[in-house]
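Colleague: Sequence below, structure please.
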Amino acid sequence: MKNESELKNLYDWSINELKDILGVYIKYAYDPDGGFYGAVTRGLEPVKDADRGLVLCARILWTFASAYRVLKDPEYLKMAEHAKSYIQKYFIDPKHGGAYWRLRADGSPADDTKYPYGISFIIYGGAELARAGGDKDAAAMARKMCDDLEAHALDRANGGYFETFTRDWKRRGDSFNIKDPSLGSKALNTHLHLIESYTNLMRVDGDPVIYKKVGSLIDIMTTKLLDPGVHHYKPYMTDDWRATDTLYSYGHDIEGAWLLTEALEAYGDEELIERHRETSVNIVKACEAGLNPETGGIYYEGGKDGPFELMMSWWAQAEAVVGFFNAYQLTGNGRYLELALKTVEYIKKYLSDREGGKFREWLSRGDAGANGHSDDLRVHIWKGPYHNGRMCLELIERIGKMSEKT
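Modeller: Numbers count the residues shown, from 1 in each chain. Alright, predicted model coming up:
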């Protein structure tokens, strides 16, 4: 196999990095009374009274379920089931359906807003636990959340999904995904996570309705959200899919490139797969403008003249690695493997936080302006094991399958 030694080293690093990442959550975020603490300090002290976010808890569910499916460690299954039980008991709204956005440490709702973005991760994680161990209860939970979104969040006139709802599903005009309501009502970020979650649900749910929904999301990603002239996704859209901003989010774009490939391959339409092979690669090519050529890290945001937000966010690096590696697999072009490996080296040097031999998750940022924050949280509502853990899991599975073919 070409590049065999590089791939073997990358495979071994991914397994070790994944185990280190998950170890932080097992040792320091696990709450024996239920769920996971909402924050952990850089010194690895749990913040027991911190609010608990739906995104963090559901992403923990997905990551441990996926890690169990790939590595078969029963400890990972235990963690996934622990997260599932807490979600079912506290996050899911028994009266109106869907799930609350944020809880207090005692399990009471701190913010009962319904965000399809957040609910998508229950679908993603529940379906993954069903994939990993045949958990029918998790599959039913995932399907129920999907049905709630279809009943309340779907735009029946124009397709796609709206952003924000009250507890009883009255539509609101604001969204954390859209910085100004005048910019639109539909966000790339939400649809990215809906296509990954619905694709995962399709794997465990035989209903043709779900298959059709994945096809609809593929169409949205390739004909509504994508700007074919520049090969970037449009971050904000109106009800009727008009773009309102030329912002490029390099992390979301390169994540969307490989998630599109994943959805197409699971969907199984060979004509669509071939048609959009180039689509995915072109998005990755466009995202190269966001790379720091010296370090290999990818900047956060940019526009037609290149990067203008020079923050080196942790999660964007993880998505860049998978995006470049996916382009390498699609094209066989070793340059994309080199870009993936260079970003991995950036991660090792600037993000993977080890001090005194102790691993403390990843730093939130790797740019020079973010250094020296000793009180920076290692775990919080927006920082869990999902992006970096998934990067490791994708590399483990992809390289493993490549090795089997040789």
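
Colleague: Just want the phi and psi numbers for residue 178.
Modeller: In terms of degrees, to the nearest 10, the main-chain angles of residue 178 are phi -120, psi 110.

Colleague: Which residues are in contact with it?
Modeller: 163, 184-185, 187, 236 (Cβ atoms under 8 Å, 6 or more residues apart in numbering). Bear in mind the C-beta positions are built from the backbone N, C-alpha and C, glycine included.

Colleague: now swap in residue 353 and tell me
Modeller: By Cβ under 8 Å, 6+ apart, the neighbours of residue 353 are 42, 359-363, 378.

Colleague: Out of the contacts of residue 178, grab the one that's most surrounded.
Modeller: When these are compared by neighbour count (other Cβ atoms under 10 Å), residue 187 ends up highest, at 27 neighbours.

Colleague: Find the nearest non-adjacent residue to it, please.
Modeller: Leaving aside its sequence neighbours, residue 187 sits nearest to residue 177 (Cβ to Cβ, 6 or more residues apart in numbering; 3.8 Å).

Colleague: ditto for residue 36
Modeller: residue 29 (4.5 Å).

Colleague: Next, work out how far apart the one you found and residue 317 are.
Modeller: Residue 29 sits 22 Å away from residue 317, going by Cβ to Cβ, to the nearest Å.

Colleague: same thing with residue 266?
Modeller: Applying Cβ to Cβ to residue 266 and residue 317 gives a distance of 25 Å.

Colleague: ok, those two, which is more surrounded?
Modeller: residue 317 (25 against 14).

Colleague: Mind giving me the packing neighbours of the one helix or strand that one maps to?
Modeller: Here residue 317, judged by DSSP states H and E, is contained in helix 314-331. Identification of packing neighbours for helix 314-331 by 3 or more Cβ pairs under 8 Å, 6 or more residues apart in numbering; DSSP states H and E yields helix 250-267, helix 270-287, helix 334-346, helix 386-404.

Colleague: which residues touch the one helix or strand in the chain whose mean pLDDT sits lowest?
Modeller: Every helix and strand in the chain was compared by mean pLDDT, DSSP states H and E; the lowest is strand 306-309, with a mean of 90. Residues outside strand 306-309 that contact it (Cβ under 8 Å, 6+ apart): 250, 289-290, 299-302.

Colleague: Give the pairing partners of it; include direction for each.
Modeller: strand 301-303 (antiparallel) (DSSP bridges).

Colleague: on that earlier part again, measure the residue nearest to residue 187 to residue 13 for me?
Modeller: 33 Å.

Colleague: what's the answer for residue 387, then?
Modeller: Applying Cβ to Cβ to residue 387 and residue 13 gives a distance of 16 Å.

Colleague: neighbour count winner among the two?
Modeller: When neighbours are counted by other Cβ under 10 Å, residue 387 and residue 13 differ, and residue 387 comes out ahead with 21 against 16.

Colleague: my guess is that one contacts residue 321, does it?
Modeller: No: between residue 387 and residue 321 there is no contact under Cβ atoms under 8 Å: 10.0 Å.

Colleague: list the contacts for the closest residue to residue 366 other than its chain neighbours?
Modeller: Using Cβ to Cβ, 6+ apart and skipping residues adjacent in sequence, the residue nearest residue 366 is residue 350, 3.4 Å away. By Cβ under 8 Å, 6+ apart, residue 350 lies in contact with 295, 297, 312, 363, 366.

Colleague: Confidence-wise, which of the residues you listed comes last?
Modeller: Lowest pLDDT of the contacts of residue 350: residue 366, 88.

Colleague: what's the neighbour count on it?
Modeller: Neighbour tally, residue 366, other Cβ under 10 Å: 24.

Colleague: Pretty sure it sits against residue 317.
Modeller: Yes: the pair formed by residue 366 and residue 317 meets the contact definition of Cβ under 8 Å, at 7.0 Å.

Colleague: Overlap of the contact sets of the two?
Modeller: 297, 346-347, 351.

Colleague: Nearest to residue 109 among the contacts of residue 350?
Modeller: Using Cβ to Cβ, residue 363 is the member of the contacts of residue 350 that lies nearest residue 109, at 31.2 Å.

Colleague: quick one: the helices in the chain?
Modeller: 4-24, 54-71, 74-86, 116-133, 136-152, 188-204, 208-219, 250-267, 270-287, 314-331, 334-346, 386-404 (DSSP state H).

Colleague: and the closest residue to residue 76 other than its chain neighbours, how many residues sit next to it?
Modeller: Excluding the flanking residues, the one nearest residue 76 by Cβ to Cβ, 6+ apart is residue 68, at 4.0 Å. A count of nearby residues for residue 68, using other Cβ under 10 Å, gives 23.
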